[in-house]
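Visitor: Show me the folded form of this:
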Amino acid sequence: MSRFTISITASPDDIDELGHVNNAVWVQWIQRIATTHWEAVAPPEHVAAYVWVVTRHEIDYRGNVVEGETVTGETWVPEGPKGARFDRHVRFTGSDGRVKVEAVTTWALLDRATGRLLRVRPEIAAPFLN
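Guide: As a prediction, this is how the structure comes out:
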């Protein structure tokens with residue numbers, strides 16, 4: 001399984017009235033790491049032909065992140081797809097080494113031109129599983 005990481009620093013716009021990263025921002029960051037991973041490892045013809053959509057998020061909030069704090073996001077796909085869908089795991093760790101957020105998200109593959117649901121073929125899944 002291929003693991004992919006990015007760093008994200010919390011900006012003032014990411015912070016809620018409690019003084020830490022808002023839950024909705026964590027969802028945006030999950031989307032960002034997933035799409036960045038796809039664009040980094042998929043062949044350009046796959047990126048041009050297909051788009052992924054989320055069908056489910058399961059998120060555990062384990063700690064807070066404040067403005068200016070940087071987290072390392074890590075994502076991986078532990079198992080091959082089931083039809084048009086697969087589960088992606090995501091973990092955000094703070095500079096203190098503590099896990100701040102963990103998630104399992106389910107994604108479905110669509111044909112970019114038609115918007116139709118597609119079965120994930122082995123060659124599409126391969127870059128995530130190696």
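Visitor: which residues of the protein score low on pLDDT?
Guide: Residue ranges of the chain with pLDDT under 70: 1, 130.
Visitor: so where do the helices sit in the protein?
Guide: Assigned by DSSP state H, the chain shows helices spanning 23-41, 44-49, 122-129.
Visitor: Quick check: which of these is nearest to Ser95?
Guide: helix 23-41 (15.6 Å; Cβ to Cβ). From N, CA and C alone the C-beta is placed, and that goes for glycine too.
Visitor: in that closest one, what's buried?
Guide: Buried residues in helix 23-41, counted by 16 or more other Cβ atoms under 10 Å: Val25, Trp26, Val27, Trp29, Ile30, Ile33, Ala34, His37, Trp38.
Visitor: Throw those residues into JSON lines and include distance to Val77, thanks.
Guide: Formatted as JSON lines, the buried residues of helix 23-41 follow (distance: Cβ to Cβ, whole Å):
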{"residue": "Val25", "distance to Val77": "23"}
{"residue": "Trp26", "distance to Val77": "19"}
{"residue": "Val27", "distance to Val77": "19"}
{"residue": "Trp29", "distance to Val77": "18"}
{"residue": "Ile30", "distance to Val77": "14"}
{"residue": "Ile33", "distance to Val77": "12"}
{"residue": "Ala34", "distance to Val77": "10"}
{"residue": "His37", "distance to Val77": "9"}
{"residue": "Trp38", "distance to Val77": "10"}
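Visitor: in the chain, which spans are strands?
Guide: For the chain, the strands defined by DSSP state E cover 4-9, 50-61, 70-76, 85-94, 99-111.
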